[in-house]
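Asker: Take a look and give me a structure for this.
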Amino acid sequence: MPTVFSANKSSLLVDGEIIEGLQSLAFRVVTERDDIRAVGSSERVDVNFGLRTVQGEITVRSAEHKLDDHLDKQTKFQLIANMKKRDGDDASKRTYSFDDCFIESKSLNMDAGNTAATIYIFTATRVREE
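Answerer: Presented below is the predicted three-dimensional model:
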């Protein structure tokens, strides 16, 4: 049976401080690769893997000044996502630690009748799952 983490029980920390107004966190691990081609054939015979990076997106309601500061100053930070199923249940939790993060860009989105949402795009050297 899968473990379903609850967004309203989970938290996201930047340099140890909780991000208020968090709406979403999404990330993917990207690995460069080159196909090794067979001579005289259209098929590959092997793959050469290269640089591995993490690309992610954080959406918060209105704004997050700590992330704005990291964007303005181009400073690195650590991001920790504590995923939980429910309060007090340490058996059903998972932690993602993103190392050497940088904010690459920021955009603002606001719909009629809704509050503003700021989207921060970040990169990280690695993500560790605990």
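Asker: From now on I want contacts and neighbour counts done on CA atoms only, so please keep to that.
Answerer: Fine.
Asker: Residue 14 against residue 77, yeah?
Answerer: Yes - between residue 14 and residue 77 there is a contact at 6.9 Å, judged by Cα atoms under 8 Å.
Asker: any idea which helix or strand carries residue 60?
Answerer: strand 44-61 (DSSP states H and E).
Asker: Report all helices and strands that the next helix-or-strand element following that strand contacts.
Answerer: Next helix or strand after strand 44-61 toward the C-terminus (DSSP H and E): helix 65-73. Packed against helix 65-73 by the contact rule (3 or more Cα pairs under 8 Å, 6 or more residues apart in numbering; DSSP states H and E) you find strand 93-109.
Asker: Stretch 54-71: end-to-end distance?
Answerer: 17 Å (Cα to Cα, to the nearest Å).
Asker: for stretch 117-130, same thing?
Answerer: 29 Å.
Asker: hang on, the earlier thing: and the strand holding residue 60, which strands flank it?
Answerer: strand 22-37 (antiparallel), strand 117-124 (antiparallel) (DSSP bridges).
Asker: Of these, which is nearest residue 4?
Answerer: strand 22-37 (15.5 Å; Cα to Cα).
Asker: How far off centre is stretch 23-37?
Answerer: 12 Å (Cα atoms, centre = their mean, to the nearest Å).
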